[in-house]
Every structure is written in C-alpha cells, then in structure tokens.
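[1] Okay, sequence plus prediction incoming.
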Amino acid sequence: MTPHVRPSLGVLTALCLVAAALVGSGCHRAVKPEVGGDRTVEAGVPVGFGSEARDAPEVTWDFGDGTPPVQGARVSHGFPRAGTYTVRALEKGEASGSAQVTVVPRPVLRAIPADAEVALFFAQLRGNVEPLLGFYSRLMGEAQARASLEQAPMLSLVLRELRGEPQVVDVEEGVGFFSLPGFEGTVGLLGVMEPQASLEAVVKELESGGARVVRRSPAEGLVHFQRESGAPLLLFEDRGYLYIVVPDTDDDASDEGNEEDNEPGNVEATRVLAVQEAPPAEPGGASGLEAIRARITGMSGPGLSELPLLTQMRTKVGSGNVYFFARPVGEDAASGFQGIWAAFRAQEAQAELEGWLASDKALLGGQRAPGSALLAKAPQGPIASMTVSIPPEELAKVAFGAPGSERRERTLQRLQEQGLDASGAESLLGALRGDMTLLAYFDAPAFYRNFLKGSRRPEPRGSLLFEAGLVRAEPVLDWVTGRLKARGQPFEVLKGKGTEPTRLRTRVMEQPLEISISADRLTMQGGEALTGRASGDVGATLRERFGAQAFESGHVSAMVDMGQLRTELDAPQEIAGVPSQQLPVARSLVGTLLDQLPPVESVFLDFAPEEGGGRFRARTVLRSR
C-alpha cells in the first residue's frame, strides 16, 4: 500500500499550490509589492508603483522626497523636484521592497504642445534670468525694470526666487509663453516645485491686479478668473508646470460691428467657437478655455521638443538665455517659409540675438545684388549706416508681396487710398539694381550754432548720403519729380550734358537737398556739407567692428552708433561765432539731455540668405550710466 500513497500525496500538494495561486486560499504564499526597478523620471510627471492585480498587497509607500506616505496596492506619485530618492514599500513598518528613482528637471519644451505655433521660453531659470535681468536693469534702470516685471504674475514668482524668498519655483526648469492653433491668445507656463503654493501666489497677484476668482476646483488644481475688462483667465497646474491661459482682449474687435455683436456673452461665444475650430486633445474635450487645458493635460510624448523642424533649426544657432520659435500659418505657410528659431544672449552691458529662418526655397530667388559702391569710399565716422543688397524683383516682393498674392493686392490698395501712385512705385522698384546705401553723419559745430544762436532748440544737424544702383534712370527721374510736384515742393533742375547726371536741388526741413540721377546711379545728399572728414573704406571698418560679412553683397545690414554721436558732441572746444563761455554750458546741458535716454552705445542688425534659409543677427551694446 505504501508505494501507492506517496504519489497521491504529491498530486494533492500540487493541486493545493495551484488553488492557492488562483484563489488566494488554501495553501497560502506571501505576495510582495511591485516596486519596480531603478529608473529615471521627470520632475512633476506621475510615476506608478505597485500592482493592480487582485492579490496585490496594500502597503505604505514612502517616496523619500519629504512628501507624506501614501497607502495602497497601486499608487501614483509625481516628484516635485530633481534629485535621487529611494522609494520603499512598508509593511508593518518594515521595508518589503525598494527602488532608487533619479528625478531630472522636465524640459520646458516637453511641457509645450507639439502643435504650438509660437514659443518664447527660458530653457531653465538658473543662470539665465540673472543676466537678462541685469541687462534689462541697466537699459531701463533697476527700479523701472523690476516694476515692469512684477506686473506679470508668473515672472513675479521668478523675481521672488531671486530675492531668496520661500522656494516654490523650480529654477532647474523653465518659463515661457506659447500660442496654439485656433486660440486667439497666449498661454504662459512656469516650472514649480510646490504646485499648490505657487498657484495661491499667482491667485493673490491676479486678485491684487483687479481680477476676480469666478470658480475654483482644488481637486483639479485650477482656478477661473474674470478680468476687470470682463475677459476670462484660467490658471491650472499640470505635471510640475503652472499654466495661465490668457485670451486676447477684444479692444480691436469692439471698434467693428454694432453694440449687440459686442455684448460680453457674444464675445465669449466667439472665443469658444475660435477654440473649438482646433482639434481637441481628447474626444469630447471641454469648450473655451477648458479646451485649451484639455489639450495641454491630455498631451503625451515629447511635446514640442522633438519637432523635426525645430530639431533641424537648433543646429544652426548657438546657445542663449532665451529662445524663440515660430512657424507660419495661413498664406505664409505656402510661401516656402518654414519657421524661425532664435537665441538671445545677454550680459550686463551687451545683448546678442542670433537666429535662423528656414525655407524650402532659395531666399531672394537664389540671387545676389551688388555690394555697396558708396561704402568703399565714404567719409569716416557715420553715426548710422544701412545697406540693402536685394535683387529688385525680390525687393518688390518684400515691399508689396508676391505677384498675385492677397498681401500685394492689399498693399497696392492701401497706397492708392493714401493718394500714392502704386503703379509708379512698382515701376520705381523695377528700375533699381538692388543695392542701396544710406549713411548719416552728425555735425556738432552746426548743431551748437543753431542751439545757441539759431532756433535755440536741440535740433539735429548733419548730413545724409544715399546711393542706389539703377538699371533705368527714366522711371526714377519721373517718380522723384512727380513726388516733389505733388508736395508743392520748389526745386531746381540742372540737366547734365552727355553722360553727366541730372541734378535736382531743393530744401527739406530748412536743409539743402541735392539729388543726382545718372544712367546707373541715384545719389542724394542732404544737410550740411561734409568738409574736413577723411574718406576711406567705411565698409571694411564696419565689418571689422561687427564681424562676418555684414554690409557686403547679399546682406541687409544696419547700425546706429550713439557712442559716435556722443564723441561728436564732446569734441568741439571752440566754434566760430559761438562765445567761448557759452559752449561748455551748452555741452553740459546736451549731455544731461542725453543721459535721460536709454544708455545705448550701439545697435547692429544683419540678415543674409544661406543654403536652406537665412541667418539674422543683432547686437546692442550699453554704456555705463
């Protein structure tokens, strides 16, 4: 009998084990909580721990980040700040499982929906806000700069952070603003560590500015407001970022239509319809501002951060403190223009902008106009300079829009309504070769003579030089004489012999103006005669100062040199016809007037087409106050 009993006991044991696994009764086996392995997650993004299985044990979860423990078989938790944390599953105070979680900042671009049309943002606050604030404070004055920034609710939290007040903002994450298709307005976002505290801080800021809380939903972390104008606002938190949805005001629209159409109810209905035109983030999404919230909270994936166009453009531009992205909509979307990416870098006394304009068509038709002949030999020391090197047919597109486009029709119609000959203007542009240069010079002696002996007002005195290459002279001569006659402007015509140019002389704002038109060139000189200035290659001087190939063929470049203006004003020690004791007083007074202006030393702008698009640069240099 014994040999037959043992196999029967083995079968019973196996059946017992199977039953225990299926129904959790009979022979019992302890089930450990599913903590999961070590992992890396983003701050604010909920992470799941435990299991939804029927036999999953309920335990106490200690997340190791200072937040209160949570009990349950399956829980979700968002870590508020970056760091490394040990998550433990506790049963009767003892750890039955643990995992290490490394939390990294959530990139601001991952918190912006992938269909955003425009975005302006700091990638992270630490190390980026301070230099920008330093530059802005030096430009506008510290008190005025901080006062203007304090008016923006989210930016006010950033300023509190810089002052060392209680920390609710995540300085490792970003802040920004973006727009979405179908929504006429702006959405702001700010990375925060304490969502509820930051939400309450913004609520107080908005209430102090006159906004009224209409509805609150603490469980969902959102607050509805109504501004003094009647326009709504929506404030909410999602995955470590605080969002504020700000519809555009209807000031412009209120000037059109009748009063009934602009009643508050109809205005809000218009907003709701505008938002509903865009596809909702989830089926059955809410209307109005709630639809925008649904699109943000319902998005998954990398957001704007891995958009192919943006990824491509980012390789074209260096790093910065603030970034800007935009892509076209409407008519511009079919023009070959794909998007813009720009980086803004700030130091205390200098700010630079570098950007890339992406295009699937060769900009300016793949052609280049000649470089400036005037810059090669011009009087030194201009206080301003601008060169344009654009083929004439492309120049016409810039000025009027592409042939047959709605923009061109609107522009020509507007010119006609203003009493201007639109066809004549088009003919004028067609006569240009595409290279144009403007130089401005300051004449300090003439300025002081007028200030002390003439009008006794600080009126500018100096010279303007303008030159443009021509392919036909007749349309230009006809247009210039036609404009002078239309204005009732007296002028004198001196016709040249043979190949000599035709000259027109007149006066504008009590200053002499001479226009010279030859077969291949238009030149204008207005103001005081340029005497005593050495001539040279001004273009080479500008390129040495501003770098790259600025002020050359294929570029649109401009600069304003306030430092040169100050040098000119400080230079005269004596001026003929001005009493020696009056000049120092006048110089001191003029210096005081200049000190009231923003302390800009120089401004520089440049754009040039390159393969696949075009590059633009800008630089502003400040002087010490």
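    All right, it came through fine. Computed from a predicted model, the values in this text were never measured in an experiment. Residues are numbered from 1 along each chain as shown.

[2] pLDDT weak spots in the protein?
    For the chain, residues meeting the criterion pLDDT under 70 lie at 1-31, 151-153, 166, 250-287, 330-335, 419-422, 625.

[3] most centrally placed residue in it?
    Taking Cα atoms, centre = their mean as the criterion, residue 324 is the residue nearest the geometric centre of the chain, at 4.3 Å.

[4] Kindly indicate whether that residue is helix, strand or coil.
    Following DSSP: H, G, I helix; E, B strand; the rest coil, the label given to residue 324 is strand.

[5] How many residues are close by residue 433?
    By other Cβ atoms under 10 Å, 19 other residues sit near residue 433. For every residue, glycine as well, the C-beta is placed using N, CA and C.

[6] does the closest residue to it other than its chain neighbours have beta-bridge partners, and which?
    Among residues not flanking residue 433 along the chain, residue 469 sits closest, at 3.3 Å (Cβ to Cβ, 6 or more residues apart in numbering). Beta-bridge pairing for residue 469 (DSSP bridges): residue 521.

[7] so residue 469 touches residue 519, yeah?
    No. At 10.7 Å, residue 469 and residue 519 do not qualify as touching, with contact defined as Cβ atoms under 8 Å.

[8] just the helices in the stretch 501-625 of the chain please.
    538-546, 562-570, 582-595 (DSSP state H, counting those that start in this stretch).

[9] got these as TSV, with mean neighbour count and distance to residue 340 columns?
    Below are those laid out as TSV (neighbours: other Cβ atoms under 10 Å; distance: least, Cβ to Cβ, whole Å):
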stretch	mean neighbour count	distance to residue 340
helix 538-546	17	22
helix 562-570	17	28
helix 582-595	13	35
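
[10] For residue 356, find the nearest of the ones you listed.
    Proximity to residue 356 (Cβ to Cβ) singles out helix 538-546 among those, at 18.6 Å.

[11] What helices and strands are in contact with the closest one?
    Counting by 3 or more Cβ pairs under 8 Å, 6 or more residues apart in numbering; DSSP states H and E, the packing neighbours recorded for helix 538-546 are helix 373-376, strand 556-561.

[12] at 10 Å instead, please
    In terms of contacts (3 or more Cβ pairs under 10 Å, 6 or more residues apart in numbering; DSSP states H and E), helix 538-546 is packed against helix 373-376, strand 378-379, strand 384-389, strand 432-442, strand 556-561, strand 600-610.

[13] Nearest to residue 231, out of the ones you listed?
    Nearest of these (Cβ to Cβ): strand 600-610, 35.6 Å.

[14] How far off centre is the closest one?
    17 Å (Cα atoms, centre = their mean, to the nearest Å).

[15] In it, which residues are buried?
    Buried positions in strand 600-610, judged by neighbour count with 16 or more other Cβ atoms under 10 Å: 601, 602, 604, 605, 606, 607, 608, 609.

[16] One more: stretch 494-508?
    501, 502, 503, 504, 506.

[17] Redo the residues you listed as CSV? Include distance to residue 302.
    Listed next are the buried residues of stretch 494-508 as CSV, based on distance: Cβ to Cβ, whole Å:
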residue, distance to residue 302
501, 62
502, 64
503, 64
504, 62
506, 62
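
[18] ok, so of the residues you listed, who is nearest residue 232?
    Closest approach to residue 232 among these (Cβ to Cβ): residue 506, at 57.0 Å.

[19] pretty sure the closest one contacts residue 488?
    No. Applying Cβ atoms under 10 Å as the test, residue 506 and residue 488 come out as separate, 11.2 Å apart.

[20] sorry, back to before: residue 310 is in contact with the residue nearest to the centre of the chain, correct?
    No. Judged on Cβ under 10 Å, residue 324 makes no contact with residue 310 at a distance of 11.2 Å.

[21] which residues are in contact with both of these two?
    Counting by Cβ atoms under 10 Å, 6 or more residues apart in numbering, the contacts common to residue 324 and residue 310 are 119, 341.

[22] Between residue 469 and residue 519, which has more neighbouring residues?
    Neighbours were counted for residue 469 and for residue 519 using other Cβ under 10 Å; residue 469 has more, 21 against 11.

[23] Return the distance of that one relative to residue 540.
    20 Å (Cβ to Cβ, to the nearest Å).

[24] Do I have it right that residue 291 meets residue 183?
    Yes. Taking contacts as Cβ under 10 Å, residue 291 lies within contact range of residue 183: 8.2 Å.

[25] Apart from its chain neighbours, what residue comes closest to residue 113?
    Nearest to residue 113 is residue 299, by Cβ to Cβ, 6+ apart, at 5.2 Å.

[26] contacting residues for that neighbour?
    With contacts defined as Cβ under 10 Å, 6+ apart, residue 299 is in contact with 110, 111, 112, 113, 114, 115, 238, 239, 281, 282.

[27] Counting neighbours, which bits of stretch 429-439 end up buried?
    Neighbour-count burial for stretch 429-439, counted by 16+ other Cβ under 10 Å, picks out 429, 431, 432, 433, 434, 435, 436, 437, 438, 439.

[28] May I have the beta-bridge partners of the third one?
    Read that as residue 432. residue 470.

[29] measure it to residue 81 for me?
    Counting by Cβ to Cβ, the gap from residue 432 to residue 81 is 60 Å.

[30] One more: residue 498?
    Residue 498 sits 81 Å away from residue 81, taking Cβ to Cβ as the criterion.

[31] Repeat that for residue 373.
    Taken as Cβ to Cβ, the span from residue 373 to residue 81 is 61 Å.

[32] Settle it for me: which of the two has more neighbours?
    Set residue 373 next to residue 81 and count neighbours by other Cβ under 10 Å: residue 81 wins out with 21 against 15.

[33] part of a helix, is that one?
    No. Counting by three-state DSSP, residue 81 falls outside a helix, being coil.

[34] quick one: it and residue 103 touch, right?
    Yes. Under the criterion of Cβ under 10 Å, residue 81 makes contact with residue 103 at 7.0 Å.

[35] what residues are up against residue 75?
    Residues in contact with residue 75, defined by Cβ under 10 Å, 6+ apart, are 46-50, 58-61, 63, 69, 87, 89.

[36] try it again with 6 Å
    Counting by Cβ atoms under 6 Å, 6 or more residues apart in numbering, residue 75 makes contact with 49, 50, 61.

[37] just residue 536 next, same as before
    The contact partners of residue 536, by Cβ under 6 Å, 6+ apart, come to residue 380.

[38] Just confirm residue 292 is within a strand.
    No. Secondary structure of residue 292 (three-state DSSP): helix, not part of a strand.

[39] For the residue lying closest to it once chain neighbours are set aside, grab the count of nearby residues.
    Sequence neighbours aside, residue 245 is the residue nearest to residue 292 in space, at 5.0 Å (criterion: Cβ to Cβ, 6+ apart). Close neighbours of residue 245, defined as other Cβ under 10 Å, add up to 27.

[40] Residue 509: neighbour count?
    By other Cβ under 10 Å, neighbour count at residue 509 equals 9.
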